[in-house]
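[1] could you work out the structure for the sequence below:
(one chain, ligands or ions: 1)
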Amino acid sequence: MANAIVPPLMPGSEDEMGHSLVDLLRHHAARSPQAICLAYEDEAISFQALDDRSNKVANALIAQGVQPGDRVALLDMSSPLSYELIYGCAKAGAIMMPLNWRLSAREIAAIVANGRPRVLLYAASLVSLLDEVTTPLVRINIDQDYATWRDAASAQDPCLVYAPDDAVLLLYTSGTTGQPKGVMISHRNLSFVGRTAAEAWSFSAASVNLVAMPLFHIGGIGYGMMALSQGGKTVLVRQADAKTVMDAMRRHHATHGFFVPTVIQQLVDRAEECGDVPDSMERMIYGGAAMSPTLLARALAAFGCSFSHAYGMTETSGTVISLPPEDHALDGPHAERLRSCGRPFPWVELAIMDPAQGQRVASGEVGEIWVRSGMNMRGYWENPQATAATITPDGWLRTGDAACLDADGYVYIRDRYKDMIVSGGENIYPTEIENVLHTHQAVKEVAVVGVPHPRWGETPRAFVVLKPGETVTDTALREFTRARLAHYKCPTSFVMLAALPRNASGKVLKHELRALQAEGTT
Ligand code: ADP
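    Residues are numbered from 1 along each chain as shown. From the prediction side, this is the model:
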């Protein structure tokens, strides 16, 4: 490969597109063809192999009649195939549409009907999830036919030209706040992966990135391109249970990983119980949902590596605000910053807005987070109304999250506006109550939602999961919160559960908790 032409990397600038992901793959394949790009179970795939396989996938899709802009769906658990397919789609001008295998057959059918993929690749073990799909499409059984289908095609790069704003990924939101919507992510959006990786999270060609989140989520597929963008190695795992993750960290000498708070909780529990802490980790990135300060302090102590907090959403192509390692001091003059999700990346504009008036709120006041950058999604798939409700004509994306800003520009998230409780005219942010209950020694997990109240309109109710072997009375929990919070914020009822309902990315499904209450089952 000594004579290979190494494609030059285009210089990026703050408002210009940086390097397209496909260019980055081509670059690393030409520069270090044999370097391991993806590791999964006993498989190790080099940059050259990923480049070749994605060329074949692109040519196979084109031979299948896939036109630029067509969708190609994938129903499979995490494996290298997801990356063969996204790069293959990108090279064919198509849009990859990964399906959430934790959904029901009915939900999958609705998403397929909405996205109308031309081709669908599926794992044989998940085929029953396609029972209700009636949309016409070409089905490819991954276990039986995929390798033959791919390898029958040419390994020549089709070299199609696409525009930076063409969509390359269609991710359906998990529907924690309503019907899933297809978020269109473009080449330009994903070109920021390289900047986040190098400039914010210290990835390099020596990095080994552990990807524990499912690859139908931006925290999986997008985050999984961080090491790849720098020429480093990416390790995929099928499950995010603590043992699998710790074993993979140790086996592959992982240096980086992104974990949602529920997974951090399991990792910390295991580390504290078994002293099972791999020493290769350089950076743990946590976020995607609120994490209690108690858990964060435990995680810092257990892992002893650098930590970064990440805030973002599917609609912003992943993280846009991050708290760097140097702001993770448990004491010192700025210890309060541990409660913040950090500052926006240099290429992201941020405003805290009054959502009703559309004006900036005064410094320190709570408002909605609005962001503007090249990372904002193209829009919602065939849903101009939802797009117009989310992206303003001048390009600001309304996140729906309530937060305030301190004088140094750090963002403190309160909660989703949709989860805010209004009780007797006062705004209550459930996260604040959850953080207090998390400090109770008997409490393992907690989620607070608003329930109707004849006098106050709404009142907080806490759903609590206790640690094994612990018992506690409602009265004790009520007194605990009353000693630490204004009375109007204290839950007026407590419900003990064995587990909280969560989606695939570990977020508590608060609408299910509200529905429990509405059905009168609590
Ligand atoms: P969905 O909205 O379908 O659950 P997303 O992953 O796009 O899927 O969720 C984005 C939302 O997750 C944000 O709008 C915010 O409410 C929440 N979130 C993301 N990161 C954080 C964080 N670091 N702290 C608190 N909440 C977060």
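
[2] show me which residues of the worst-scoring helix or strand of the chain on mean pLDDT are buried.
    Lowest by mean pLDDT, DSSP states H and E among the helices and strands of the chain is helix 510-518, with a mean of 81. Across helix 510-518, burial judged by 16 or more other Cβ atoms under 10 Å covers 510-514, 516-517. (Each C-beta comes from the backbone N, C-alpha and C, glycine too.)

[3] any chance of those residues in a markdown table, plus distance to D406?
    A markdown table is the format used below for the buried residues of helix 510-518 (distance: Cβ to Cβ, whole Å):
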| residue | distance to D406 |
| --- | --- |
| K510 | 27 |
| H511 | 32 |
| E512 | 34 |
| L513 | 31 |
| R514 | 32 |
| L516 | 37 |
| Q517 | 35 |
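
[4] quick one on the thing from earlier: what about the least confident helix or strand of the chain and the ligand, any contact?
    No: applying Cβ under 6 Å from any ligand atom, one finds helix 510-518 separated from the ligand by no less than 10.4 Å.

[5] got the CA positions of that helix in CSV?
    Extracted C-alpha coordinates of helix 510-518, given in CSV (Å, rounded to 0.1, in the frame of the first residue of the first chain):
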residue,chain,number,x,y,z
LYS,A,510,-42.3,9.1,32.4
HIS,A,511,-45.5,8.8,30.3
GLU,A,512,-45.8,5.2,31.4
LEU,A,513,-45.6,6.3,35.1
ARG,A,514,-48.2,8.9,34.4
ALA,A,515,-50.4,6.3,32.7
LEU,A,516,-50.0,3.9,35.7
GLN,A,517,-51.4,6.7,37.8
ALA,A,518,-54.2,7.5,35.3
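
[6] packing partners for that helix?
    Under the contact criterion of 3 or more Cβ pairs under 8 Å, 6 or more residues apart in numbering; DSSP states H and E, helix 510-518 touches strand 443-453.

[7] what do you get if the cut-off is 10 Å, keeping everything else the same?
    Secondary-structure packing of helix 510-518 (3 or more Cβ pairs under 10 Å, 6 or more residues apart in numbering; DSSP states H and E): strand 443-453, strand 457-466, strand 493-496.

[8] turn those strands into a markdown table, columns for mean neighbour count, distance to N427 and mean pLDDT.
    A markdown table is the format used below for the helices and strands packed on helix 510-518 (neighbours: other Cβ atoms under 10 Å; distance: least, Cβ to Cβ, whole Å; pLDDT from 0 to 100):
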| stretch | mean neighbour count | distance to N427 | mean pLDDT |
| --- | --- | --- | --- |
| strand 443-453 | 21 | 11 | 94 |
| strand 457-466 | 21 | 10 | 94 |
| strand 493-496 | 16 | 20 | 95 |
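
[9] reformat these as TSV; add distance to the ligand.
    Converted to TSV, the helices and strands packed on helix 510-518 look like this (distance: least, Cβ to the nearest ligand atom, whole Å):
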stretch	distance to the ligand
strand 443-453	13
strand 457-466	18
strand 493-496	23
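
[10] list the contacts of the host helix or strand of E479.
    Assigned by DSSP states H and E, E479 belongs to helix 474-482. For helix 474-482, contacts defined as Cβ atoms under 10 Å, 6 or more residues apart in numbering pick out 433, 436-437, 439-443, 446, 448, 460, 462, 464, 472-473, 487, 489-496.

[11] 6 Å instead?
    436, 440, 490, 494 (Cβ atoms under 6 Å, 6 or more residues apart in numbering).

[12] out of those, who's the most crowded?
    Counting neighbours by other Cβ atoms under 10 Å, V436 leads these with 23 neighbours.

[13] for that residue, which three-state class applies?
    helix (DSSP: H, G, I helix; E, B strand; the rest coil).

[14] please renumber the chain so that the first residue is 808 from this point on.
    With the count now opening at 808, the last piece we talked about shows up as V1243.

[15] could you measure from it over to the ligand?
    16 Å (Cβ to the nearest ligand atom, to the nearest Å).

[16] report pLDDT for the closest residue to that residue other than its chain neighbours.
    Once flanking residues are discounted, V1243 sits nearest to R1291: 4.9 Å by Cβ to Cβ, 6 or more residues apart in numbering. Note on R1291: pLDDT of 91.

[17] neighbours of R1291, how many?
    When counting by other Cβ under 10 Å, one arrives at 16 neighbours for R1291.

[18] my reading is that it lies in a helix. Confirm?
    No: counting by three-state DSSP, one finds R1291 to be coil, located in no helix.

[19] need phi/psi at it.
    For R1291, the backbone dihedrals are phi -120, psi -10 (criterion: degrees, to the nearest 10).

[20] in this structure it contacts L1244, no?
    No: using Cβ atoms under 6 Å, R1291 makes no contact with L1244, being 9.3 Å away.

[21] packing partners of the helix or strand hosting S861?
    Using DSSP H and E, S861 falls within helix 854-870. If contacts are counted by 3 or more Cβ pairs under 6 Å, 6 or more residues apart in numbering; DSSP states H and E, helix 854-870 sits against helix 828-838, helix 888-899, helix 954-958.

[22] what's the angle between the helix holding E1286 and strand 1250-1260?
    Counting by axes from the mean of the first three to the mean of the last three Cα atoms, to 10 degrees, helix 1281-1289 lies at 90 degrees to strand 1250-1260.

[23] so which bits of helix 1281-1289 are buried?
    Buried residues in helix 1281-1289, counted by 16+ other Cβ under 10 Å: 1284-1285, 1287-1288.

[24] distance to the ligand and pLDDT added to those residues, as a markdown table?
    As requested, these are exported to a markdown table (distance: Cβ to the nearest ligand atom, whole Å; pLDDT from 0 to 100):
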| residue | distance to the ligand | pLDDT |
| --- | --- | --- |
| L1284 | 23 | 96 |
| R1285 | 26 | 95 |
| F1287 | 23 | 95 |
| T1288 | 21 | 95 |
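
[25] overlap of the contact sets of R1291 and L1244?
    Shared contacts of R1291 and L1244, defined by Cβ under 6 Å, 6+ apart, are absent.

[26] buried residues of stretch 1150-1158, list them for me.
    Going by neighbour count (16+ other Cβ under 10 Å), the buried part of stretch 1150-1158 is 1150-1152, 1154-1155, 1157-1158.

[27] near the ligand, which residues of the stretch 1008-1157 of the chain show up?
    Residues of the stretch 1008-1157 of the chain found near the ligand (Cβ under 6 Å from any ligand atom) are 1094-1097, 1116-1121, 1148.

[28] report the buried members of those residues.
    1094-1097, 1116-1121, 1148.

[29] neighbours around A917, how many?
    17.

[30] that one is in what secondary structure piece?
    For A917, the element it lies in under DSSP H and E is helix 912-922.

[31] likewise I992?
    Assessed by DSSP H and E, I992 sits inside strand 989-993.

[32] which outside residues touch that strand?
    922, 972, 974, 976-979, 1121-1122, 1124, 1184-1186, 1188.
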